[in-house]
Every structure is written in C-alpha cells, then in structure tokens.
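Chemist: Quick check, what structure comes out for this input:
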Amino acid sequence: MANTKAELLTIGDEILFGQINDTNSQWMSQELDQVGIRVVRKTTVGDIREDMMNAFAEAEKRAEIVLITGGLGPTNDDLTKPLLAEYFDCELAMDSEALKEVTDFFKSKGREITPINEKQAELPICAERITNKLGTAPGMWLERNGTVFVSMPGVPHEMKRMMKDTVIPKLQKCFKTDVIFHKVIKTIGIGESWLADEIKDWEEALPEHIKLAYLPSLGQVKLRLTAVGADMSELKKQVEDQITSLKSYAEKYIYGYDRDEIQTKVGDMLKHNNKTISFAESCTGGYVSHLITSIPGSSAYYQGSIVPYHNDLKIKALNVNEETLKQHGAVSEQTVTEMSNNVRKLFKSDIGVATSGIAGPDGGTVEKPVGTVWIAFADGDQTVTRKLQLWKDREVNIKAATIAVMNLIRITLSKSIEIKN
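Modeler: Next comes the predicted model:
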C-alpha cells in the first residue's frame, strides 16, 4: 500500500502576525496520522492572492491531499473560496442547499440572514459542498489529477466537526493507506550524542519500515520509533521486540514511554519502596517540589520542603553549620551534604534532597561560574552528591537542575550510579 501524503495550508494574516496560534494544524496532523496519512508539510499563507495561488500549486506537486483552513468568511479579505474557483477554473454560483443550511442556521439563532451572509452559500461549481453543522461557512471538496483539495473554516470547533464527520471518512474511502504506529521511549541522564553512540549497533539493525528519531530536551532524550505497514497489531509487536532489544544497550537510561513523565516515575518508585521524601531547595526555588506535588497522590510520599535561599535561613532554619558556609560557600558539596541530611531530619522523611547553585545570569566567579550547581540525596545510610555545570540562562538552569535531581533520585533508588552528561 502507498504512503499517502498530505499538506496543510493555513490561511490568514492573523497567524503570520502572531495574533493567534495555529492549533488546527497540530490537531489535524494527529488525526491524519491515526488513519495512515502522512503530513509532509505545513504552510501558513497570508491573505495575498499571489501567495495563496502559489501555495496551492506547490502543495499540489507534493501531496495527494491538500487540506486548507481559513479564509472562508463573507468579507472581502476572505479569499480562499474565490481563489480556489480561479485555481480550478470554474465559476462561483449560489448553491441552493448551502443557502438553505446558512438560512436555517441564522433562524436557529433567532436572526435573519443578511445579504453578506448569503454570499457564504456561493461555491465553486466544480466543488462538492461539505456541510458545516456548527457554523455558516460550508466546506469544499475539489479533485484534479488525483489530488484532493479540501477547504474548511479556520474556527477550530467547526473544522474538527467537519473533519471527523465527513473529511476523514471520505479520505479513507478514496485512499488505501498503510497504518502508522509511533512509540516514544523516554531516556534521562545521557546526552543525545552519547546515547546515539551507545545504541549505534541497535539503530543500524532496525528494519527498513521502522524509523528512529531523536527528540532531545533539557536533560532528557526521547526516542521515537515510527513503524509503517499493513497490520497495526503486527507493527506493535515488532516495535515492542525492538524495544526489548534496545534495553540491552540503554536500559539504565530508560524511565518511561509515551506520556510518562519523570516526576511520575519518581513518585512510583517512592511508593514502591515505601519511602518518604523532603527537599531543601536553594537555587531551584521550589521547582522540584512543584513537579513532585503536581502528581495526584503525592502526599503518600512527599513530606514537605524548605527554600533556604539566604545563608541565614540555611543556618537558622536548616541547621547548616556556619563554619561550613564560611569555608566552602553555599554552593559546595559540603553544604548540600548538610542540607540534604538536615532537611530529612527536619521533616522526618526517609530521604532528603538538596540543591544549591548559581542560577545566573550573574553572581558567578572564576572558581564557581554561573551554572555551577550542587545537588545531594541522603537517606541516612548514604549521601550521594553531584556537581552540575550548566548554562548562563537562569530559567534553563532551574529546570535543568530539577531534571538532574529527579534523575539522581531515580538512579539512587534503583541502585544505579552511572550518569553521563
């Protein structure tokens, strides 16, 4: 079976100006993917005749399906309908069924249809009308040389209803497609290039119909496997077999799949081990605690936290030795060691975790530049510390340090101690 390609065209100056977000394309891509139609390009075009006509022509060269949203209103700046009529070399004419639908829509709202709204019932004579059950602008289905053009309103709820009720079922009848299956493997504690090197042999042995993509983010790398074939259950089995093989190369970095989040994984591990935890957050300012408590049921393991930003609080509230701060500074292994052990005692938790660092953008020194962060994990039997050398961006450093803390908890609870940055 063929891999059917689609291109999405979004019409409207308001999107190019950044006045609204194009959420339609993301939703449409997800829906098309589920029925085996691959989106090969997304294009946003302003309300300019030449640009729109060029976009129609380019899309027709690349894809069998061209889905257009926007520009179907009744005012002079709504150009999609007249330009599609010109592009397909056919006239606009009043469609009696469309006029009835628009008239009935206004009557249902207790209003009379106006002449300008009657124009919405004018359609290219070469187009098949698509009923808009939630609005006044009908959609249009046009075909030429094996390519289907579908024009829909830009209003999200109107477009979605039209896609689900009419467009997708009709596309499935017109195009016999393969099925597409995606699986995301989530890794942490290893950079993209290091991970690629670790799994090189596995990647090179992947079958032709299963593709791998690397999706890196702060402290994490997602591996997306995309399989294309005729049978969904068989594809799922093949992908699961590949994941089993992957584990022999990178199991210690894998923490979850698809929608799993690291804070959920950490919470599950704490519950499984029947452990409670508390935090002393200096440079992260409570962000670790925020993620931990974002999970429903976190009260089963989360005891509390303190944000001792100033050294006085580290001494008075957390009982950090004043001499430790004088000799080694707040950003040091010695300080986070005391912070993690003392916060555990303060909140009577099984585990105490601490962060202290220079988030930036200023405050660094030659010995301790901006981005220097120390983190620590203490459970009464051991204290595990890590030094991070991050970046010069404050927000990035807070989030990256938080991810590193989550991974430190994960690997310590799982008795694995190797981390690659």
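Chemist: Quick check: most distant residue from the centroid of the protein.
Modeler: Distance from the centre of the chain peaks at Glu323, with 46.2 Å (Cα atoms, centre = their mean).
Chemist: contacting residues around that residue?
Modeler: Counting by Cβ atoms under 8 Å, 6 or more residues apart in numbering, Glu323 touches no other residue. For every residue, glycine as well, the C-beta is placed using N, CA and C.
Chemist: What strand or helix carries it?
Modeler: Element membership for Glu323, per DSSP states H and E: helix 322-328.
Chemist: how about the worst-scoring helix or strand of the chain on mean pLDDT: buried residues?
Modeler: Least confident helix or strand, the chain: helix 115-118 with a mean of 87, by mean pLDDT, DSSP states H and E. Neighbour counts over helix 115-118 (16 or more other Cβ atoms under 10 Å) mark 117-118 as buried.
Chemist: for it, packing partners?
Modeler: helix 96-108 (3 or more Cβ pairs under 8 Å, 6 or more residues apart in numbering; DSSP states H and E).
Chemist: Averaged pLDDT, the helix holding Glu323. What do you get?
Modeler: Helix 322-328 shows a mean pLDDT of 97.
Chemist: Following the chain past that helix, name the next helix or strand.
Modeler: helix 333-346.
Chemist: quick one: the helix or strand that that next one is followed by to helix 333-346, angle?
Modeler: Using DSSP H and E, the helix or strand that follows helix 333-346 towards the C-terminus is strand 351-357. Comparing the axes of strand 351-357 and helix 333-346 via axes from the mean of the first three to the mean of the last three Cα atoms, to 10 degrees yields an angle of 140 degrees.
Chemist: Which neighbouring elements make contact with strand 351-357?
Modeler: For strand 351-357, the contact count by 3+ Cβ pairs under 8 Å, 6+ apart identifies strand 277-281, helix 333-346, strand 372-378, helix 394-413 as packing neighbours.
Chemist: Out of these, flag the one nearest Ser248.
Modeler: helix 394-413 (18.5 Å; Cβ to Cβ).
Chemist: Mind giving me the packing neighbours of that closest one?
Modeler: Helix 394-413 sits against strand 179-188, helix 262-272, helix 287-293, strand 351-357, strand 372-378, strand 383-389, with contacts defined as 3+ Cβ pairs under 8 Å, 6+ apart.
Chemist: what does the average pLDDT come to for the fifth one?
Modeler: Looking at strand 372-378 alone, the average pLDDT works out to 98.
Chemist: same check, this time on the fourth one
Modeler: pLDDT averaged over strand 351-357 equals 98, rounded to a whole number.
Chemist: nearest spatial neighbour of Pro103, skipping sequence neighbours?
Modeler: Check again: residue 103 is Thr, not Pro. In space, Thr103 comes closest to Ile113 once its chain neighbours are excluded; the distance is 5.0 Å by Cβ to Cβ, 6 or more residues apart in numbering.
Chemist: should've said Gly304
Modeler: Phe347 (4.8 Å).
Chemist: what are the phi and psi values for that neighbour?
Modeler: Dihedral pair for Phe347: phi -100, psi 0, per degrees, to the nearest 10.
Chemist: just Gln382 next, same as before
Modeler: phi -150, psi 160.
Chemist: can you tell me which residues contact it?
Modeler: So Gln382 contacts Thr412 (Cβ under 8 Å, 6+ apart).
Chemist: got it, and Gln30?
Modeler: Per Cβ under 8 Å, 6+ apart, neighbours of Gln30: none.
Chemist: Pretty sure the residue nearest to Gly304 sits against Ser278.
Modeler: Yes. Judged on Cβ atoms under 8 Å, Phe347 makes contact with Ser278 at a distance of 3.7 Å.
Chemist: list residues touching both of the two?
Modeler: Joint contacts of Phe347 and Ser278 (Cβ under 8 Å, 6+ apart) are 303-305.
Chemist: That'll do, ta.
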